[in-house]
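In: generate coordinates for the sequence data below:
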Amino acid sequence: MADQKIRVVVAKPGLDGHDRGAKVIARAFRDSGMEVIYTGLRQTPEQIVETAIQEDADAIGLSVLSGAHEHYFRAIVDLLKQKNASDIVVFGGGVIPESDIPALLEIGAGAIFGPGTPTTECIEWLKKAVSQKRV
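Out: Below you'll find the model as predicted:
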């Protein structure tokens with residue numbers, strides 16, 4: 001189990017069309033040996049959760065720049081609970097005000113990475129979070 005590859009869905013919820021950050025982190029995850037499923041732009045929470053379940057993903061990484069981060073994190077965490085898939089780690093990044101991060105963590109996000117966070121920090125956090133879930 002320890003050498004099982006991490007499968008991560010990288011998703012862009014909502015109408016936000018800026019995906020450079022999502023593509024950068026998807027590439028970094030892939031380069032580190034993870035299997036990455038990038039959903040593309042303008043995904044609904046339902047599409048994101050369905051993709052994660054169908055792909056047997058360990059995690060969902062959300063890239064949110066639209067200001068609707070609380071709505072999307074809450075909707076995705078709630079849908080995962082409804083579908084008995086709460087073992088899928090949810091985390092995210094984007095332009096999210098520091099003051100909003102505690103609420104996102106309370107909702108169920110495992111971590112929030114702001115602009116300029118080194119990709120190595122995201123990779124190491126995800127490896128640790130997934131290994132803890134797999135125990």
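In: which stretches of this protein form helices?
Out: 20-31, 45-54, 69-82, 101-107, 119-134 (DSSP state H).
In: not counting its neighbours along the chain, what's nearest the residue nearest to the spatial centre of the chain?
Out: For the chain, Gly61 is the residue whose C-alpha lies nearest the centre (CA atoms, centre = their mean; 1.3 Å). For Gly61, ignoring the flanking residues on the chain, the nearest one in space by CB to CB, 6 or more residues apart in numbering is Val10 at 4.8 Å. The C-beta positions use only the backbone N, C-alpha and C, and glycine is treated the same way.
In: for Arg30, give its distance to Ala52.
Out: Applying CB to CB, to the nearest Å, the value for Arg30 to Ala52 is 17 Å.
In: quick one, which of these two is more surrounded?
Out: Ala52 (27 against 14; other CB atoms under 10 Å).
In: measure that one to Ala59 for me?
Out: Taking CB to CB, one finds Ala52 at 8 Å from Ala59.
In: could you do Glu124 as well?
Out: Counting by CB to CB, the gap from Glu124 to Ala59 is 13 Å.
In: neighbour count: those two, which is higher?
Out: More crowded of Glu124 and Ala59, by other CB under 10 Å: Ala59, with 22 against 12.
In: was I right about the more buried one contacting Val8?
Out: Yes: here Ala59 reaches Val8: they are 4.6 Å apart, a contact under CB atoms under 8 Å.
In: contact partners for Ala109?
Out: Contacts of Ala109 were listed using CB atoms under 8 Å, 6 or more residues apart in numbering, and they are 73, 77, 90-92.
In: and of those residues, the nearest to Val24?
Out: Closest approach between those and Val24, by CB to CB: Gly92, at 14.0 Å.
In: which residues does that closest one contact?
Out: 61-64, 69, 73, 104, 109, 111-113.
In: pLDDT wise, what is it at?
Out: Gly92 is assigned a predicted lDDT (pLDDT) of 97.
In: ok, it to Ile25 distance?
Out: For Gly92, the distance to Ile25 - CB to CB - is 10 Å.
In: joint contacts of the two?
Out: Here Gly92 and Ile25 have 61, 63 as joint contacts, going by CB under 8 Å, 6+ apart.
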